[in-house]
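A.B. asks: coordinates for the following, if possible.
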Amino acid sequence: MKTDDLIQRLAADTGSRPAPAAALWLAVGAAIVLAAAAMLLSVGPRPDLATAAGTWRFLAKAAVMVTLAATSLLVLRRAIYPEGLAEVRLWAMLAAPALLLAMVAIELMLMPSTSWGAAATGTNWASCLVLVPAFGILPLAVALWAIRQGAPTRPMLTGFIAGLLSGGIAATAYATHCPDDSPLFVVLWYPVGILLLGIAGAVLGRRVLRW
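C.D. replies: As a prediction, the model looks like this:
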C-alpha cells in the first residue's frame, strides 16, 4: 500500500477506530486481567505464596517476566505506527534475558553443583510448558486486536513482539502458581512457553496485521 493510500485509510477510519495507543493500553489491562483470571480459575496460586514472595528467587523470577512484558510494550508502542520499529532500539528487549542470566550466575555461585540438575528439572516443568502458552492465548488475541487499530509495517515481527508481551504477562501469572523458583528452572522452561506465544504471534501477525 502506498503512503497516500495509507493516509486516506487512516483518515477514513478515525471516527470508527480507537486511537492505537489507547487501544494498546486497554489491551494490556485486559491481558493482565485475563491471564490472572485464567490462573485463578484453573490452578490457583501456590499455598505458600505469601512466604515465597519474600524470597529473592521468587522476586527475581517475577522481575524477569515483568521486565519482558514492559520492554515488549515499549517496543509495541512504536510498532503500531508506520515504520515505528525503525525508531526503537530492539536491543532493549535483551534486558529480560540479561537479567535472567545474571540470576542464573548468582544461583550457580550459591548452590552446590550437586543440586544444579534437580533445581533445573524442578517438579513443574510439564505444567510450565502447557500453562504459560494457555494463559497467554487470550492476552495475545487482545494485543493483536489493539495493534490492528494502528498500521504496523512489519506484521510478523510486530506479531512476534506481541507474543512476547503476552508471554511475559502469562508467565507472571503462572509464576504465582509455580513452586519452582530457581533461576536454573526458569531459564530452561519459561522461555519455551513464551517463545511458543512469540511464534504464534508472528504467524498470526502475518495474516491479521497486514494492510
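A.B. asks: hey, which helix or strand in the protein has the poorest pLDDT?
C.D. replies: When each helix and strand of the chain is scored by mean pLDDT, DSSP states H and E, helix 3-13 comes last, with a mean of 51.
A.B. asks: next helix or strand past that one?
C.D. replies: Scanning forward in sequence from helix 3-13, with DSSP states H and E defining helices and strands, the next element found is helix 20-42.
A.B. asks: other residues contacting the following helix or strand past that next one?
C.D. replies: Per DSSP H and E, helix 20-42 leads on to helix 49-52 as the next helix or strand towards the C-terminus. Outside of helix 49-52, the residues within contact range by C-beta atoms under 8 Å, 6 or more residues apart in numbering are 46, 58, 176, 179, 181. For every residue, glycine as well, the C-beta is placed using N, CA and C.
A.B. asks: swap the cut-off to 7 Å and go again
C.D. replies: Residues from elsewhere that reach helix 49-52, judged by C-beta atoms under 7 Å, 6 or more residues apart in numbering: 46, 58, 176, 181.
A.B. asks: quick check, the second one in contact with Asp181.
C.D. replies: Yes. Contact criterion C-beta atoms under 7 Å: Phe58 and Asp181 qualify, at 4.8 Å.
A.B. asks: re earlier: and the furthest pair within the contacts of helix 49-52?
C.D. replies: Largest separation among these by C-beta to C-beta: Thr176 and Asp181, giving 11.1 Å.
A.B. asks: show me which positions of stretch 183-196 end up buried.
C.D. replies: 183-191, 193-196 (16 or more other C-beta atoms under 10 Å).
A.B. asks: chain center to it, what's the gap?
C.D. replies: 12 Å (C-alpha atoms, centre = their mean, to the nearest Å).
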